[in-house]
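Asker: just a sequence and a predicted model for now, questions to come.
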Amino acid sequence: MRLLDSSGLRPAPSLDAIRAAGAIIPNDDETGGNTAAQQLKGQLRTELAEWRTLYRKLEPAQAWLEGGIAFSQGAQRADLEVRKLELDRKAKEAERRIAQANADIAALANPSSDASTYHTILARLTSTVELVAVPKGEVF
């Protein structure tokens, strides 16, 4: 040990000491690394889990409403049909978001993806604007 002191070399700090100082270790399995792709994948996986959970909740509700529509009449039937349309819209949006998140994760895993791919995905994740399809002929 005396040899290390006399040469001016200091031992390298441990990973725990580096993490304690607030640094993120690149390509570290425990922290997920600090590359842009790894950070985006983490955000996408979180979003994907949320949309899958929502979709799993919507499926039984859709079946219940379909059964209710089949056995109802008049105003009650019209009310259930409106609720079913709204539920179908939400389910379709969840399906779209799930497919988009899966495509984005696959794009991030692709080594040939370039910076524009990352920028597009990042813009989609951080956007606060919600695009809504408006039926033909309707105007806001």
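Answerer: Arrived safely, thanks for sending.
Asker: only C-alpha atoms from now on, for both contacts and neighbour counts.
Answerer: OK.
Asker: need the three-state assignment for residue 37.
Answerer: Reduced to three states with DSSP: H, G, I helix; E, B strand; the rest coil, the structure at residue 37 is helix.
Asker: can you get me a residue count around it?
Answerer: Here the number of neighbours of residue 37 (other CA atoms under 10 Å) works out to 18.
Asker: what's the answer for residue 78, then?
Answerer: So residue 78, with other CA under 10 Å, has 13 neighbours.
Asker: now swap in residue 126 and tell me
Answerer: 8.
Asker: could you list which residues are in contact with it?
Answerer: Residue 126 makes no contacts at all, as judged by CA atoms under 8 Å, 6 or more residues apart in numbering.
Asker: list phi and psi for it.
Answerer: The phi and psi torsions at residue 126 (degrees, to the nearest 10) take the values phi -100, psi 0.
Asker: quick check: pLDDT value at it.
Answerer: With respect to pLDDT, residue 126 scores 81.
Asker: also residue 105?
Answerer: You'll see residue 105 listed with a pLDDT of 90.
Asker: let me know the helix or strand that it is in.
Answerer: In this structure, residue 105 sits in helix 74-109 according to DSSP states H and E.
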